[in-house]
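Colleague: got a structure for you, letters missing:
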């Protein structure tokens, strides 16, 4: 992942350097209400940022300024960010690139490189895109913008009112914000040919269902951010990375199963998923990132595997329905972040790590946590934890003793625990367990 990011950074840097060389004598102007950056040496023009267009727009193929004619051959990736009332646009055949450098009197600001573009992001009322037949880089199908060969989907306009869209079979790549902000789509069908989705569905507030293709390897940052109607989503088994904010604000999402191949879950990935009730962290994940479950007010159970070593800041903040949290021995108490349990009303917090304290373990670890919870930790750490927490702190052995003295209820099977006192997420298979207050052996 680091190598890919380095490559992207180098590409963006190269584009900036080349563009600085190109615009030595360029300047910004407004012609017929549209903003351009003119290049006198080549007599070319780029449609620049901050245009406030309304209704239907035909992008001109050329413009005149001070008696000189300029061919309009570029569009800034944020050219229409402020065009909330633009309903239809036609792209001329002279456009041969989308510019990912913001041009202004203050200088150059590098934006996203070529793999990550929707030149009409922000045009919330846009219903239709048309493209001249001889365009070298684009084509439009039913108002949707594609690459000339049809393999890349750049923009599904936000104003299209259809509830379902089937992405054509030939598409292999869907760009950032391609569907972003559409308030009408309920379902999107993706073909198996898809190789890459970027920040594709952010802000699609009516979206309930998406079939992610089996060959996906990651969910991009902000992938489903703000998809407040999303109820279910299937994560393919080959996915290894869940990007930051991937499901932020998916308030209708009740459950989600991550494949065991996942090794990284980004910060705030499930923040404000207020309907999410249970979550099992894959055994291959070793960091619970900052704010991962913050605001998940319906979350009742989180299964944390042995091997997780860090709990990030505010990871469980505002999880007001969480009754018990069992942190395995692989988590050093010094690596539990600040405000991680803020507003939590736990019955029990079990901390199994037995290492000593460092400077970063301080009062902020339990800041804002309801003091009705009982904290169980290693006997050697009890007194230190008591200094930082106003509620009951007991040695871990008493929690284990409590398991052995459980009363059996005949109308409902009791939970099973391993010999370290960790509650199992399901019924036991093979091994030695504690259940119904007794030691059981399953062969």
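Modeller: Cool, the structure landed. Everything numeric here is computed off the predicted structure, so don't read it as measured data. Numbering: from 1, shown residues only.

Colleague: quick one, phi psi at residue 381?
Modeller: phi -110, psi -10 (degrees, to the nearest 10).

Colleague: from residue 150, how far off is the nearest residue to it once chain neighbours are set aside?
Modeller: The shortest distance from residue 381 to any non-neighbouring residue, by CB to CB, 6 or more residues apart in numbering, is to residue 333 (6.4 Å). Heads up, the C-betas are built off the backbone N, CA and C, glycines and all. Using CB to CB, to the nearest Å, we find residue 333 at a distance of 55 Å from residue 150.

Colleague: if we can go back for a sec, was I right about the residue nearest to residue 381 contacting residue 353?
Modeller: Yes. Contact criterion CB atoms under 8 Å: residue 333 and residue 353 qualify, at 4.8 Å.

Colleague: so for the two, which residue has more residues nearby?
Modeller: More crowded of residue 333 and residue 353, by other CB atoms under 10 Å: residue 333, with 22 against 18.

Colleague: residues touching the nearest residue to residue 186 once chain neighbours are set aside, list them.
Modeller: In this structure, residue 186 finds its nearest non-sequential neighbour in residue 163, 4.3 Å apart by CB to CB, 6+ apart. Residues counted as contacts of residue 163 (CB atoms under 8 Å, 6 or more residues apart in numbering) are 184-187, 206.

Colleague: same question, residue 318
Modeller: 294-297, 342-344.

Colleague: between the residues you listed, which is nearest residue 321?
Modeller: residue 297 (6.2 Å; CB to CB).

Colleague: okay, domains of this protein per the record?
Modeller: Residue ranges for each domain of the chain read 2-110, 406-443, as given by automatic domain parsing.

Colleague: worst average pLDDT in these?
Modeller: Lowest mean pLDDT within those: domain 406-443, a mean of 55.

Colleague: tell me where the stretch 101-250 of the chain has strands.
Modeller: 101-104, 107-110, 128-131, 138-141, 144-147, 152-155, 164-166, 173-174, 187-189, 196-197, 209-211, 218-219, 241-242 (DSSP state E, counting those that start in this stretch).

Colleague: the third one pairs with which strands?
Modeller: As defined by DSSP bridges, the strand partners of strand 128-131 come to strand 85-91 (parallel).

Colleague: what lies in contact with the strand it pairs with?
Modeller: Outside strand 85-91, the residues touching it (CB under 8 Å, 6+ apart) are 53-59, 75, 80, 120, 123, 125-132, 135, 138, 140, 159.

Colleague: next: stretch 365-372.
Modeller: By CB under 8 Å, 6+ apart, stretch 365-372 touches 317, 336-347, 388-391.

Colleague: keep only those of these that are in helices.
Modeller: Judged by DSSP state H, these include residue 388 as members of helices.

Colleague: buried subset of the contacts of stretch 365-372?
Modeller: 317, 336-344, 346, 388-389, 391 (16 or more other CB atoms under 10 Å).

Colleague: so residue 353, which of the three states?
Modeller: coil (DSSP: H, G, I helix; E, B strand; the rest coil).

Colleague: for it, give its distance to residue 327.
Modeller: 7 Å.

Colleague: one more: residue 365?
Modeller: Residue 365 is 12 Å from residue 327, by CB to CB.

Colleague: any shared contact partners between those two?
Modeller: In contact with both residue 365 and residue 327: residue 336, using CB under 8 Å, 6+ apart.

Colleague: given the longest strand anywhere in the chain, what are its sheet partners and their directions?
Modeller: As assigned by DSSP state E, the longest strand anywhere in the chain is strand 68-76. Note on strand 68-76: by DSSP bridges, its sheet partners are strand 44-47 (parallel), strand 62-65 (antiparallel), strand 97-99 (parallel).

Colleague: could you export those strands as TSV, including mean neighbour count?
Modeller: Conversion of the strands paired with strand 68-76 to TSV gives the following (neighbours: other CB atoms under 10 Å):
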stretch	mean neighbour count
strand 44-47	24
strand 62-65	14
strand 97-99	18
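
Colleague: among those strands, which comes closest to residue 237?
Modeller: Comparing the strands paired with strand 68-76 by CB to CB, strand 97-99 comes nearest, at 34.3 Å.

Colleague: what does the closest one contact?
Modeller: 46, 73-77, 114, 117, 119, 137.

Colleague: before we move on, the earlier item: and which of the contacts of residue 163 is nearest to residue 237?
Modeller: residue 187 (22.3 Å).

Colleague: so what's that closest one up against?
Modeller: Here residue 187 is in contact with 163-165, 207-210 (CB under 8 Å, 6+ apart).

Colleague: filter those residues to the buried ones?
Modeller: 165, 207-208, 210.

Colleague: select, from those residues, the two members most distant in space.
Modeller: 165 and 208 (13.1 Å).

Colleague: for residue 261, which non-adjacent residue is closest in space?
Modeller: Going by CB to CB, 6+ apart, residue 261 has residue 240 as its nearest residue, at 5.2 Å.

Colleague: now residue 234: how far from residue 213?
Modeller: Residue 234 is 10 Å from residue 213, where distance means CB to CB.

Colleague: neighbour count: those two, which is higher?
Modeller: residue 213 (17 against 13).

Colleague: grab the nearest non-local neighbour of that one.
Modeller: residue 194 (4.3 Å).

Colleague: any idea how far that neighbour lies from residue 172?
Modeller: On the measure of CB to CB, residue 194 and residue 172 end up 6 Å apart.

Colleague: ditto for residue 144
Modeller: 16 Å.

Colleague: correct me if wrong: residue 324 contacts residue 346.
Modeller: Yes. Between residue 324 and residue 346 there is a contact under CB under 8 Å: 6.3 Å.

Colleague: cool, thanks, signing off.
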